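>>> sequence plus the predicted model coming up.
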Amino acid sequence: SPAAAAPPHDSSPVQARLELVARELGLSSARFCRTPQDYYEHELEWRRDVLGACSTAALCKSMIMENTRLSGVSAAEAAGLGRYKRVCVVLQYDGPKLDKHKLTDVVRGLEGRHAAAKRQYSLRMVSGEESLALSGFEHNAVTPLGMATPMPLLVSERLRGLADGTAWLGGGEPDLKLRVDIRQFV
């Protein structure tokens, strides 16, 4: 049987900063929860139970994706052209794999009249080092709140169908998770 999440304690500086960001954004549903240090060594069902999530489908990850076809262009230069070099994608651990063709279509839709031909897109997950530099959060801690580098946030449509309407994301530290009402979050 899984151990219960760690009892509440004083917030770390990261948690305190992200709680403030959530308040500033009006994300009143944001709740942070500490997990045991071995959280990622367990199966999704165990993680679900530790968090009290409605299902494993509520467990999400945030990934930074980069259009490698814009590798010689800075993010600022891409933005000046109406393009997006990077996006942060939130999707379920227990769901279909990321469909890069659909992701390309969504990014092109965001770019509107500035979108390039499909062959000008090759969206790939950034390395762990790049993710840390761009987000400010280490592996298994990336959260869309308070990222070091602002970028568009894309949320899987499947999250809207969660039974209790709440999703669990990384919370800025590997043992810190963020619960949000998905409709409010979107």
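Thanks, I have it. Residues are numbered from 1 along each chain as shown.

>>> skip the chain neighbours and tell me the closest residue to residue 12.
residue 173 (6.5 Å; Cβ to Cβ, 6 or more residues apart in numbering). (Glycine included, C-beta is placed from N, CA and C.)

>>> and the residue nearest the centre of the chain, what does it touch?
What sits nearest the mean C-alpha location of the chain, by Cα atoms, centre = their mean, is residue 62, with 2.4 Å. Applying Cβ atoms under 8 Å, 6 or more residues apart in numbering to residue 62 gives the contacts 88, 89, 90, 135, 142, 143, 144, 169, 170.

>>> give the rounded mean pLDDT of stretch 39-54.
If you average the pLDDT over stretch 39-54, you get 97.

>>> that stretch: end-to-end distance?
Taking Cα to Cα, to the nearest Å, stretch 39-54 runs 17 Å from one end to the other.

>>> which stretches in the protein count as strands?
Under the criterion DSSP state E, strands of the chain are mapped to 31-34, 60-67, 86-92, 123-125, 153-155, 166-170, 176-181.

>>> distance to residue 80, neighbour count and pLDDT for the contacts of residue 62 - can I get that in JSON lines?
Listed next are these as JSON lines, based on distance: Cβ to Cβ, whole Å; neighbours: other Cβ atoms under 10 Å; pLDDT from 0 to 100:
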{"residue": "88", "distance to residue 80": "20", "neighbour count": "22", "pLDDT": "98"}
{"residue": "89", "distance to residue 80": "23", "neighbour count": "22", "pLDDT": "97"}
{"residue": "90", "distance to residue 80": "26", "neighbour count": "23", "pLDDT": "96"}
{"residue": "135", "distance to residue 80": "23", "neighbour count": "24", "pLDDT": "98"}
{"residue": "142", "distance to residue 80": "26", "neighbour count": "25", "pLDDT": "97"}
{"residue": "143", "distance to residue 80": "28", "neighbour count": "26", "pLDDT": "97"}
{"residue": "144", "distance to residue 80": "24", "neighbour count": "22", "pLDDT": "95"}
{"residue": "169", "distance to residue 80": "30", "neighbour count": "23", "pLDDT": "97"}
{"residue": "170", "distance to residue 80": "30", "neighbour count": "23", "pLDDT": "97"}
